[in-house]
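**Q** Structure for this input, please:
(one chain, ligands or ions: 1)
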Amino acid sequence: MRQKLAAGNWKMHGTRASLVEVRALVAAHPDPAVEVLICPPATLLAWMDAEIGQAPIRTGGQDCHAAASGAHTGDIAAAMLADAGASHVILGHSERRADHGEADATVRAKTEAAHAADLTAIVCVGETLAERDAGRTLDVVSGQLAGSLPDGARGRNTVVAYEPVWAIGTGRTPTEAQIAEVHAHIRAELRARFGAAEAERFRLLYGGSVKPANAAGIFAIAEVDGALVGGASLKAADFSAIISALEQAPAPG
Ligand code: 13P
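**A** Residues are numbered from 1 along each chain as shown. Okay, the predicted model is just below:
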């Protein structure tokens, strides 16, 4: 059975003062029934790791370079994230695809680098509003999956996050039927590529304006194994409510 995952993406938010939120989260969830992950800015990783101590909350990066090391000013290697305490890394987020022109092939190379450093890759896919309006959502997601997932991807080292670009930071969310359709499609694509048994091991997250108020409804949708949460992960009270909703959600397949 897949372990449910509540993942927070702090994006470019947070300084050491924000560690107070982590302290509150650890206190509120000393023994979470789901996997809990926070992906802070890289500057906070080691501090956060120290703050968390032995508590069962994981940390992750928000990006890594495809190379193991080298002359890449400003970039961070996967092994460096692991060295700072990370167990996961978000890759191919739509903000990186848009802000840094990351193509599927780049995301795929980064995912391979993450796996080589024993990090779990959270690979993001999702359509823009124009693509949805044009009826191209499933095609776009298929293309992103085919291009971004390496052949070595497995359920134990890879999570897929469906994040419709138009739902990120907007307060808009897809209907439950729309989320269910895309998640079922992702599962079918994984089945076709990696085989039926392996496909069942990949966790599928929904991301885009997940809040305490809508979390339970989203977590009740088939094939939703958790969430990738942006804004609502910055405040312990909000993220805690989302974690609790996931703990109470029906068990994934
Ligand atoms: P919001 O939850 O702020 O919409 O962000 C979602 C997201 O992009 C998580 O990676």
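
**Q** Low-confidence stretches in the stretch 51-200 of the chain?
**A** By pLDDT under 70, the stretch 51-200 of the chain contains no weakly predicted segment.

**Q** where does it come near the ligand, residue by residue?
**A** Listed as neighbours of the ligand in the stretch 51-200 of the chain under the rule Cβ under 6 Å from any ligand atom: 93, 163, 168-169. For every residue, glycine as well, the C-beta is placed using N, CA and C.

**Q** could you redo the last one with a cut-off of 8 Å?
**A** 90, 93-95, 124, 161, 163, 167-171 (Cβ under 8 Å from any ligand atom).

**Q** how about the residue of the chain found nearest the ligand, what does it touch?
**A** Closest to the ligand within the chain is residue 230: 2.3 Å, counting by Cβ to the nearest ligand atom. Counting by Cβ atoms under 8 Å, 6 or more residues apart in numbering, residue 230 touches 8-9, 11, 168-169, 207.

**Q** what does residue 109 give?
**A** Here residue 109 is in contact with residue 66 (Cβ under 8 Å, 6+ apart).

**Q** which parts of the helix or strand where it lies are buried?
**A** Per DSSP states H and E, residue 109 falls inside helix 104-116. Buried residues in helix 104-116, counting neighbours by 16 or more other Cβ atoms under 10 Å, are found at 104, 106-115.

**Q** before we move on, what about stretch 196-213?
**A** Neighbour counts over stretch 196-213 (16+ other Cβ under 10 Å) mark 199-200, 202-212 as buried.

**Q** same question, stretch 30-48
**A** 32, 34-42, 44-45, 47-48.

**Q** just stretch 8-25 next, same as before
**A** For stretch 8-25, burial by neighbour count (16+ other Cβ under 10 Å) applies to 8-11, 14, 18-19, 21-22, 25.

**Q** That stretch close to the ligand?
**A** Yes. Figure legend: stretch 8-25 in contact with the ligand (Cβ under 8 Å from any ligand atom); contacting residues 9, 11.

**Q** Right, I'll call it a day here.
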